[in-house]
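Asks: No letters, just coordinates:
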Ligand SMILES: NC(=O)c1ccc[n+]([C@@H]2O[C@H](COP(=O)([O-])OP(=O)(O)OC[C@H]3O[C@@H](n4cnc5c(N)ncnc54)[C@H](OP(=O)(O)O)[C@@H]3O)[C@@H](O)[C@H]2O)c1
């Protein structure tokens, strides 16, 4: 019998780029990656917020780098990512976390709103993922691409039509990357969060009518805490997930299995 070995969840020596990591789930993932040994690249559009998070992590002794960049500025993305690879290094791990939402029906949403959401939530992630996968493959890095979808990556609800269209596109992207870059040793997986009490959901959580409805539909009868996304994100980036590819891990307290 071979010796027993505990699963390895360390990210020591890895460089991880997490898009949209100045707050919410992206920040929780960046903090967990740093605590697991990775150097992290903090991204957001506002340079001051990015520097604040980088400074906070550095003050705790973690390796953190700033990447203040609007990832939806597609024409700039290739040059900006190239500079990051030259200045900081080629990421071993990419987390596609940026996501915006327009709570409107298809009839209510303007064409410009539809195009903007699809660009930010879907096309920007597709473009960054193929840049990152190409760079990883070029360096022989057996990298990890992890994409935040949503329970709306499989489901739809009235009055909120465009977000599920983009998120279900991301589910396709996760699988397309998994089959195209798997032969290079690069895996692609997703995380589908349910309802988390992030800054973006603060007004919904505080709403005396809608807040309790969200809680009432969840078998755990509460919102998720942002740090409760961290275990899934660390697992998928870690050596222990080396044979997990093309999977979307739902983290929703059971919300999407209840009816
Ligand atoms: N929270 C939930 O309950 C929930 C549920 C399901 C799925 N999700 C998904 O999980 C992800 C994170 O959600 P969240 O609630 O934590 O988000 P959030 O609180 O709205 O945080 C968004 C982050 O992205 C940055 N950002 C926004 N647009 C950007 C852009 N174009 N380029 C670069 N950075 C940008 C923001 O910083 P700046 O504003 O400074 O750019 C911020 O750091 C999203 O994809 C969301 O769809 C969340």
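Replies: Done, it's in. Only a predicted model underlies this, so the values are computations on that prediction, with no experimental measurement involved.

Asks: Around the ligand, pick out the residues from this protein.
Replies: Neighbours of the ligand within the chain, by Cβ under 6 Å from any ligand atom: 19-26, 43-46, 49, 70-72, 97-99, 120, 148, 150, 193, 195-196, 198-201. The way it works is simple: take the backbone N, C-alpha and C, and place the C-beta from them, glycine included.

Asks: For the one residue in the stretch 51-200 of the chain that gets nearest to the ligand, which non-adjacent residue is closest in space?
Replies: Per Cβ to the nearest ligand atom, residue 99 is where the stretch 51-200 of the chain lies closest to the ligand, at 2.2 Å. Excluding its sequence neighbours, the residue lying closest to residue 99 (Cβ to Cβ, 6 or more residues apart in numbering) is residue 121, at 5.1 Å.

Asks: Now do the same contact list for that neighbour.
Replies: With contacts defined as Cβ atoms under 8 Å, 6 or more residues apart in numbering, the neighbours of residue 121 are 98-100, 163, 166-167, 169-170.

Asks: and residue 259, how many neighbours does it have?
Replies: 4 (other Cβ atoms under 10 Å).

Asks: Is the nearest residue to residue 47 once chain neighbours are set aside bridged to anything, and to what?
Replies: Closest residue in space to residue 47, ignoring its immediate chain neighbours: residue 68 at 3.9 Å, by Cβ to Cβ, 6+ apart. Here residue 68 sits in beta bridges with residue 44, as judged by DSSP bridges.

Asks: My understanding was that residue 68 contacts residue 41; is that so?
Replies: No: Residue 68 is beyond contact range of residue 41, at 10.6 Å (criterion: Cβ atoms under 8 Å).
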